[in-house]
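Engineer: Sequence below, structure please.
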Amino acid sequence: QLQFVESGGGLVQPGGSLRLSCVVSGSTTDFHAIGWFRQAPGKEREGVSCMGAGGGSTNYADSVKGRFTISRGSDKNTVYLQMNNLKLEDAAVYHCAAQWGCPDNPYGYDYWGQGTQVTVSS
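Structural biologist: Residues are numbered from 1 along each chain as shown. Modelled structure (predicted):
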């Protein structure tokens, strides 16, 4: 059973940065693709980024390309999402999630965590 502990969310002004962390237990990033999706109140779930098993390939939503970076720690159990130049529309609950491979859509994950709140406000 995969479990996730997300952290790093908070309140930031537009243009600011945050780094989200996700500690994965029950497996390692060598065996599962780990991604992030977000969901704002009243909105559909949106895929943000995904890293393939083994830390190889990565992909990003068009809305975050060039601003967000997904990476994993040397322990292979921690995945990070560095978020720079945050915009008002980035505000949401960010969830860490896993699947055997990066899914085509954010509803394709079999496992995900409780999420961490990101608030962007001036």
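
Engineer: three-state assignment of residue 20?
Structural biologist: Of the three states, residue 20 takes strand according to DSSP: H, G, I helix; E, B strand; the rest coil.

Engineer: when you give positions from now on, start the count at 33
Structural biologist: In the new numbering, first residue 33, that becomes residue 52.

Engineer: I figured it hits residue 42, correct?
Structural biologist: No: assessed by CB atoms under 8 Å, residue 52 is found out of contact with residue 42, at 9.8 Å. (Each C-beta comes from the backbone N, C-alpha and C, glycine too.)

Engineer: Could you pull out the residues contacting both of these two?
Structural biologist: Listed as contacting both residue 52 and residue 42 by CB atoms under 8 Å, 6 or more residues apart in numbering are residue 150.

Engineer: Between these two, which is the more surrounded one?
Structural biologist: residue 52 (24 against 12; other CB atoms under 10 Å).

Engineer: how close does the more buried one sit to residue 132?
Structural biologist: Applying CB to CB, to the nearest Å, one obtains 22 Å for the distance of residue 52 from residue 132.

Engineer: cool, residue 80 as well?
Structural biologist: When residue 80 is compared with residue 132 (using CB to CB), they lie 19 Å apart.

Engineer: in what helix or strand does the residue nearest to the spatial centre of the chain lie?
Structural biologist: The residue lying closest to the centre of the chain (CA atoms, centre = their mean) is residue 68, at 2.4 Å. If you go by DSSP states H and E, residue 68 is part of strand 65-71.

Engineer: Which elements pack onto the following helix or strand past that strand?
Structural biologist: Per DSSP H and E, the first helix or strand lying C-terminal to strand 65-71 is strand 78-83. Contact partners of strand 78-83 among helices and strands, from 3 or more CB pairs under 8 Å, 6 or more residues apart in numbering; DSSP states H and E: strand 65-71, strand 90-92, strand 100-104, strand 110-115.
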